[in-house]
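**Q** A structural model of the following input is requested.
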Amino acid sequence: MKKRNFFRLLVLLLVAASANFTLTGCDDDDSSTGVDNTIPTISNVMVSVNSGTATAITFTSNAASAEYWTGDVLSFSFQANDDDEVTAVKAMAGTTELYNQTFEGSAQQTGLTFTYTVGSSDTDIIITVTDSDDEVATYTYTVNVAVAVTENSSITLGAQENVTGSFCASIEGDVYTVSQVASASNQEKVDFVYFYGSTNEATIASPDDEAVATITTFGISDWTTKNSTVFKATTLGESDFNNIGSVSELEAAYAEATDSYDPNTRANHLTESTVFAFATDADRGSKTGLVLVEELTANSTGSIKITIKVMP
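**A** Predicted structure coming up:
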């Protein structure tokens, strides 16, 4: 009898334990339920330069960049968003604080603004947004500082029978006569030679161009240094040329130029308002540039006036 009662008691205990385990396993009171795991964001980001028209910034993988000139004043506006609550927004440029504000009670903060004056070096502007769960989103806007091109304006070159010099150093903007390029030190600087021929007409060529070698008055066959300049054609107009001021713009224009000159050692059949591209010899730094033909007087006694924009 005692064994039977003990067995019943054991069964009851096992049933009770099983019931308790089942109730515990079905408990819906999970402390993680309802936790906000959404990262905050920024949107409607706009930037204006020197109080000009504002333009939208598109972030890719939370990053964006643009080029500006030293001294430009950039005005930023944006809003911070979260599905719970935005608690803090901060903007830094290096160690300089541009914006720092805390908030409470709202999932969206609009009308956020700050300004930044462009310095002399590239800078990352980092915007961070924190929400009530201490989740942080970081956005980086890289301000690239524009580098100005070297511009040599209104340079006149004479054709082969003109007393004005036919030889040009594109980087320095200097012009040399036949007697001056007898010096090897000046030969090393010459990137352009101007001539006018019956076949090529108005032409700016490389010192190592075959057609240039046939013009005996130049005496180039006696040179110890003949730089190799290459030329490309462009579809740029005069206004396009005038609007190019930075090295990055110059490089972009060169990249879009075409290998239409054959051979590429001369830019021929030039006319007024023509814009062509060039790249200097490796010994001259492989610098890219553009040339605008301003004025042109035909024939071998004529001349050409050009403006050069080249990498510094």
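
**Q** Give me the nearest residue to residue 232, chain neighbours excluded.
**A** Leaving out its chain neighbours, the residue that sits closest to residue 232 by Cβ to Cβ, 6 or more residues apart in numbering is residue 257, at 3.6 Å. Where you see a C-beta, it was placed from the backbone N, CA and C, and this is true even at glycine.

**Q** Three-state assignment for residue 249, please.
**A** Recorded secondary structure, residue 249: helix (DSSP: H, G, I helix; E, B strand; the rest coil).

**Q** what comes into contact with stretch 162-177?
**A** For stretch 162-177, contacts defined as Cβ atoms under 8 Å, 6 or more residues apart in numbering pick out 150, 152, 155-160, 178, 180-181, 186, 189-195, 207, 218, 229, 278, 280, 284-285, 287, 289, 291, 300-303, 308, 310.

**Q** how about a cut-off of 6 Å?
**A** If you take Cβ atoms under 6 Å, 6 or more residues apart in numbering as the criterion, stretch 162-177 is touched by 152, 156-158, 181, 186, 189-194, 301, 303, 308, 310.

**Q** before we move on, the earlier item: burial of the residue nearest to residue 232, as a residue count?
**A** 21 (other Cβ atoms under 10 Å).

**Q** And the one 4 residues further on, by the same measure?
**A** Burial measure for residue 261: 20 neighbouring residues, criterion other Cβ under 10 Å.

**Q** what's the answer for residue 77, then?
**A** The burial count for residue 77: 15, using other Cβ under 10 Å.

**Q** repeat for residue 129
**A** Per other Cβ under 10 Å, the neighbour tally for residue 129 reads 26.

**Q** Tell me which helix or strand it sits in.
**A** strand 123-131 (DSSP states H and E).

**Q** Buried residues, that strand. List them.
**A** 123, 125, 126, 127, 128, 129, 130, 131 (16 or more other Cβ atoms under 10 Å).

**Q** what about the last one, distance to residue 100?
**A** Applying Cβ to Cβ, to the nearest Å, the value for residue 131 to residue 100 is 16 Å.

**Q** again, but for the second one
**A** Relative to residue 100, residue 125 is positioned 13 Å away (criterion: Cβ to Cβ).

**Q** can you check the fifth one too?
**A** Relative to residue 100, residue 128 is positioned 10 Å away (criterion: Cβ to Cβ).

**Q** Are there residues contacting both of the two? Which ones?
**A** residue 90.

**Q** right, and the residue nearest to residue 232 touches residue 234 too?
**A** Yes: with contact defined as Cβ atoms under 6 Å, residue 257 and residue 234 form a contacting pair (4.8 Å).

**Q** intersection of neighbour lists for those two?
**A** By Cβ under 6 Å, 6+ apart, the residues touching both residue 257 and residue 234 are residue 277.

**Q** and the spatially most central residue of the chain, what is it in contact with?
**A** With distances taken as Cα atoms, centre = their mean, residue 248 lies nearest the centre of the chain, 5.4 Å away. Neighbouring residues of residue 248 by Cβ under 6 Å, 6+ apart: residue 67.

**Q** what ranges of the stretch 101-250 of the chain fall below the confidence cut-off?
**A** Counting by pLDDT under 70, the stretch 101-250 of the chain shows no low-confidence range.

**Q** Show me where it has its strands.
**A** Counting by DSSP state E, counting those that start in this stretch, the stretch 101-250 of the chain has these strands, from start to end: 108-117, 123-131, 136-145, 150-158, 167-169, 174-176, 192-197, 201-205, 230-233.

**Q** Can you give the contact residues for the first one?
**A** Spelled out, it's strand 108-117. 73-81, 86, 91, 93, 98-99, 103.

**Q** Might you report the residue contacts of residue 274?
**A** Counting by Cβ under 6 Å, 6+ apart, residue 274 makes contact with residue 293.

**Q** Please state the backbone phi and psi of it?
**A** When read as degrees, to the nearest 10, the backbone of residue 274 gives phi -70, psi 140.

**Q** can you check residue 103 too?
**A** Backbone torsions for residue 103, taken as degrees, to the nearest 10, come to phi -140, psi 170.

**Q** what's it in contact with, if anything?
**A** Taking Cβ under 6 Å, 6+ apart as the test, what residue 103 contacts is 86, 87, 109.

**Q** could you dump those residues to a markdown table with neighbour count and distance to residue 65?
**A** Conversion of the contacts of residue 103 to a markdown table gives the following (neighbours: other Cβ atoms under 10 Å; distance: Cβ to Cβ, whole Å):
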| residue | neighbour count | distance to residue 65 |
| --- | --- | --- |
| 86 | 26 | 25 |
| 87 | 22 | 28 |
| 109 | 21 | 25 |
